[in-house]
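Chemist: Any chance you could fold what I've pasted below:
(chains A, B, C and D)
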Number of protein chains: 2
Amino acid sequence: MDPLDSPNSRPALAAQSSPQGIAADLVAVLVAVTSGEPRVLTIQDQRALPSGPFELAHRSLQSGLRAWVERQTRLPLGYVEQLYTFADRDRAGATGQHVISISYLGLTREQPTFGEHEARWRGWYDYFPWEDHRDGPPPLMEKTLQPGLKAWASAVSDRTAQRARRQRAAMLFGFEEHSWNEELVLQRYELLYEARLIPEATRGSSSTSTSNHAALSNTPGHAMILDHRRILATGIARLRAKIKYHPVVFELMPDTFTLLQLQRCVEALAGRQVHKPNFRRLIEQQELVEETGETSQDTGGRPAKLFRFRRAVLAERAIAGTKLPVSGA
Amino acid sequence: MDPLDSPNSRPALAAQSSPQGIAADLVAVLVAVTSGEPRVLTIQDQRALPSGPFELAHRSLQSGLRAWVERQTRLPLGYVEQLYTFADRDRAGATGQHVISISYLGLTREQPTFGEHEARWRGWYDYFPWEDHRDGPPPLMEKTLQPGLKAWASAVSDRTAQRARRQRAAMLFGFEEHSWNEELVLQRYELLYEARLIPEATRGSSSTSTSNHAALSNTPGHAMILDHRRILATGIARLRAKIKYHPVVFELMPDTFTLLQLQRCVEALAGRQVHKPNFRRLIEQQELVEETGETSQDTGGRPAKLFRFRRAVLAERAIAGTKLPVSGA
DNA sequence: TGATATATACTCTCGTTGAGCATATGTTAT
DNA sequence: ATAACATATGCTCAACGAGAGTATATATCA
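Modeler: A predicted model of the protein is given here:
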């Protein structure tokens, strides 16, 4: 079953307003990696993703997004990919118009932000602190999430349902025997939402139902408006899956870079460490990069060769196959 | 780059009608596999995919699709997944209203169709005859597509561009040294579209531009209205990718089945043969199925054990990892 | 000069995967 | 009845790739 739109991910809400037409919004997850940290462009005091109306003047959704982003932020968008279309939930705005949100993932390099719309770059682990396993599982997993999820699992009467809940939590968060799977970003967020460990979950509902408010006091991660955090989770999940078989990482790198910089970028996105020798072996044997001839001695240590991305591989292999190792440390 | 919405996949078309609001359509790719053939539900004399307006009465897009499909066709929808949202091209209908199409993939089992809307099941290789490689590359690849694509590659003056075109065609269709990749359904369709080897490509344009009409005479595959064939290609591609790491095949199988039936189903979807012993090894070592205790002797030969899908694996492993081998024969 | 940090290279083992072969147990034709 | 055949089921082997560890080279810094 598709994790998005799973039947129990949102409380049922019968639409009441009569259809006055539909408006389409574009929502963008714009990602950059700066000094080893994955970052996302935000607006509204870092509580929202950039979004705007889809204007019919553009010949496609994608070109519409491109034009709009580049006008608003002057970022050159390297790679763009559609994420998902949302139309559920309390999206009826003040006008009574229903809004469909079409979300996109865009990769770029961080630039000084322009004043308009108070756009700011912010590290994406501010919103998902439990997703950063580069130095092992973060403490809040054990301190906050595990108890909260345990409480959620116990909050149901049926014995079998309890076990199912516990199993689901363990599988998604790597408790007990289960190993951590960095791609399940969205499913984890939706579980936390369902368990009401996320402020967004209790926002609209008028404090009915069985929420465990105890855990809500120290709720993890920075919240966002509407379902923007969910959209961000979708984008992170997609990107983490994509870097494994498609050379999109290079859209986030400067023109020339060292292999360690590239590795740090992959680690930042995947949220876990990578075995250095294996990483280099895979990069080189796939001929993804070529030496520039120059070296860099930024970090203090033996100078590292500088490389650049071989754009030709996009034509040679297209999607066919390009693997990056994202595995245990 | 996302193959959908690639900048050159459609001729530029400036929107002229003033925005009168936007309508949202749902388009469904409903798939079943019957007697070893992948089939798709069609309407309008098999020239269209089922589609209808998104009604705001539903609490989500997905539940809207479910309700609508089950009302129209009385099919129980097992697995549903969003495919893509289209808003480009000449989607301005007679009313001048712009239409956004949100497409979904649904898996089911073929049922006798009900009269309404002249719904009919049709083999999907009727629309994409070049995608069926179960008995090796189909003859039309060499007889029709290769010459047509060669002509398209030669139709450009620049030497470098010619080579790029030839390489792209070879990579996608497995010419020369390249091997066939069954997942590139959409990219192949878009290349044929770009090369104007598909009737949909020359439909709206008033016979200008450099089309090679010679090849158009024996254009391969059954055409559809609007971009429905493109949507179908998207669905096939998604499904071919998905069966490799997620046990969705079972949504297309009857309750009990033999391993060979299961294999034939996978082969039908993937469009290529599968190594039998390896297939069985993978299925069994992953404990995806359990014996029913009964046997089937339909085909004449040693009776085969009947199996059923272990639905528990969905809870145990969720998305984590389930591999089906789709490789050479 | 030595300590340290990084870059770069090599080796080894294990599991997976692709592929071929052998055997078991039915049905169908002669 | 028997041979031929078709399918089911099980086993083996070689090649490859992934994970993990170790060793050496070359710079900076105290």
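Chemist: For A:F250, give me its contacts.
Modeler: Residues near A:F250 by C-beta atoms under 8 Å, 6 or more residues apart in numbering or on different chains: A:L288, A:F309. C-beta coordinates here come from the backbone N, C-alpha and C atoms, glycine included.
Chemist: where does it land on pLDDT?
Modeler: With respect to pLDDT, A:F250 scores 94.
Chemist: next one: A:R310
Modeler: In this prediction A:R310 is given a pLDDT of 92.
Chemist: pretty sure A:R109 is touching A:A32, no?
Modeler: Yes - assessed by C-beta atoms under 8 Å, A:R109 is found in contact with A:A32 at 5.5 Å.
Chemist: does any bit of the strand or helix carrying A:L192 sit next to chain B?
Modeler: Using DSSP states H and E, A:L192 sits within helix A:185-194. Yes - Helix A:185-194 reaches chain B (C-beta under 8 Å from any C-beta of the partner chain) through A:Q187.
Chemist: Repeat that for stretch A:269-288.
Modeler: No - applying C-beta under 8 Å from any C-beta, one finds stretch A:269-288 separated from chain B by no less than 15.4 Å.
Chemist: returning to that earlier point: who are the packing partners of the helix holding A:L192?
Modeler: helix A:146-154, helix A:159-173, helix A:228-242 (3 or more C-beta pairs under 8 Å, 6 or more residues apart in numbering or on different chains; DSSP states H and E).
Chemist: For the ones you listed, give me JSON lines that also has mean pLDDT.
Modeler: Formatted as JSON lines, the helices and strands packed on helix A:185-194 follow (pLDDT from 0 to 100):
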{"stretch": "helix A:146-154", "mean pLDDT": "96"}
{"stretch": "helix A:159-173", "mean pLDDT": "94"}
{"stretch": "helix A:228-242", "mean pLDDT": "96"}
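Chemist: confidence score at A:P199?
Modeler: So, for A:P199, pLDDT stands at 89.
Chemist: Just to check, it is in contact with A:H222?
Modeler: No - with contacts counted by C-beta under 8 Å, A:P199 stays clear of A:H222, the gap being 9.7 Å.
Chemist: in the stretch 201-329 of chain A, which spans are helices?
Modeler: A:213-216, A:228-242, A:259-270, A:276-285, A:312-317 (DSSP state H, counting those that start in this stretch).
Chemist: Burial check on the nearest residue to A:T73 once chain neighbours are set aside, number of neighbours?
Modeler: Leaving aside its sequence neighbours, A:T73 sits nearest to A:A119 (C-beta to C-beta, 6 or more residues apart in numbering or on different chains; 5.9 Å). Applying other C-beta atoms under 10 Å in any protein chain shown, we find 18 residues neighbouring A:A119.
Chemist: tell me the domain boundaries of chain A?
Modeler: A:22-124, A:129-216, A:244-317 (automatic domain parsing).
Chemist: Please render the ones you listed as JSON lines that adds distance to B:L269 to the earlier fields.
Modeler: Compiled in JSON lines, the domains of chain A are given as follows (distance: least, C-beta to C-beta, whole Å):
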{"stretch": "domain A:22-124", "distance to B:L269": "24"}
{"stretch": "domain A:129-216", "distance to B:L269": "23"}
{"stretch": "domain A:244-317", "distance to B:L269": "20"}
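Chemist: right, so the ones you listed: which one is the most enclosed?
Modeler: Highest mean neighbour count among the domains of chain A (mean count of other C-beta atoms under 10 Å in any protein chain shown): domain A:22-124, with a mean of 19.
Chemist: for it, the distance to its chain's centre please.
Modeler: Mean C-alpha position of domain A:22-124 versus that of the full chain (C-alpha atoms, centre = their mean, to the nearest Å) differs by 13 Å.
Chemist: For the residue nearest in space to the middle of chain A, give me its contacts.
Modeler: For chain A, the residue nearest the mean C-alpha position is A:I236 (2.1 Å; C-alpha atoms, centre = their mean). Counting by C-beta under 8 Å, 6+ apart, A:I236 touches A:V29, A:W124, A:F128, A:E131, A:V185.
Chemist: Of these, just say which sits nearest to A:G271.
Modeler: When the contacts of A:I236 are ranked by distance to A:G271 (C-beta to C-beta), A:E131 comes first, at 5.0 Å.
Chemist: okay but the closest one is in contact with A:R272, surely?
Modeler: No - look at A:E131 against A:R272 with C-beta under 8 Å: they stay out of range, at 9.6 Å.
Chemist: Just put the helices and strands packed on helix A:185-194 in JSON lines and tack on distance to A:Q82.
Modeler: As requested, the helices and strands packed on helix A:185-194 are arranged in JSON lines below (distance: least, C-beta to C-beta, whole Å):
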{"stretch": "helix A:146-154", "distance to A:Q82": "32"}
{"stretch": "helix A:159-173", "distance to A:Q82": "25"}
{"stretch": "helix A:228-242", "distance to A:Q82": "10"}
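Chemist: nearest to DNA strand D, of the ones you listed?
Modeler: The closest of the helices and strands packed on helix A:185-194 to DNA strand D is helix A:228-242. By C-beta to the nearest atom of the strand, the value is 14.4 Å.
Chemist: Just confirm yes or no for the closest one near DNA strand D.
Modeler: No - figure legend: helix A:228-242 not in contact with DNA strand D (C-beta under 7 Å from any atom of the strand); closest approach 14.4 Å.
Chemist: quick one: buried residues of that helix?
Modeler: Residues of helix A:228-242 classed as buried: A:228-242 (neighbour count, 16 or more other C-beta atoms under 10 Å in any protein chain shown).
Chemist: ok so, going back, go through the helices of the stretch 201-329 of chain A and name the closest to B:E37.
Modeler: helix A:228-242 (30.9 Å).
Chemist: how big is the angle separating the closest one from helix A:259-270?
Modeler: Between the axes of helix A:228-242 and helix A:259-270, defined by axes from the mean of the first three to the mean of the last three C-alpha atoms, to 10 degrees, the angle is 130 degrees.
Chemist: Report the angle between helix A:228-242 and helix A:185-194.
Modeler: Using the same axes, to 10 degrees, helix A:228-242 lies at 150 degrees relative to helix A:185-194.
Chemist: starting at the chain centroid, how far to helix A:228-242?
Modeler: Using C-alpha atoms, centre = their mean, the offset of helix A:228-242 from its chain centre is 3 Å.
Chemist: hang on, A:L197 is in a helix, isn't it?
Modeler: No - A:L197: not assigned to a helix; according to DSSP: H, G, I helix; E, B strand; the rest coil it is coil.
Chemist: before we move on, the earlier item: quick check: neighbours shared by A:R109 and A:A32?
Modeler: A:L252.
Chemist: ok, residues contacting stretch A:134-151?
Modeler: Residues outside stretch A:134-151 that contact it (C-beta under 8 Å, 6+ apart): A:129-130, A:132, A:166, A:169, A:173-175, A:180, A:191-192, A:195, A:197, A:212, A:214-215, A:218, A:220, A:267-268, A:271-273.
Chemist: From start to finish, how long is stretch A:219-236 in a straight line?
Modeler: With C-alpha to C-alpha, to the nearest Å as the measure, the first residue of stretch A:219-236 is 20 Å from its last.
Chemist: ugh, wrong one, stretch A:200-219
Modeler: Counting by C-alpha to C-alpha, you get 10 Å between the two ends of stretch A:200-219.
Chemist: do stretch A:25-42 as well
Modeler: Using C-alpha to C-alpha, the two ends of stretch A:25-42 sit 16 Å apart.
Chemist: so what's A:R240 up against?
Modeler: Taking C-beta under 8 Å, 6+ apart, one finds A:E182, A:E183, A:V185, A:L269, A:A270, A:G271, A:V326 in contact with A:R240.
Chemist: between the residues you listed, which is closest to A:P303?
Modeler: For these, the nearest to A:P303 is A:L269 (25.8 Å; C-beta to C-beta).
Chemist: My guess is that closest one contacts A:E37. True?
Modeler: No - contact status for A:L269 versus A:E37: not in contact, 10.3 Å apart, counting by C-beta under 8 Å.
Chemist: residues contacting A:I231?
Modeler: By C-beta under 8 Å, 6+ apart, the neighbours of A:I231 are A:V27, A:V29, A:L49, A:L83, A:Y84, A:F86, A:S101, A:S103.
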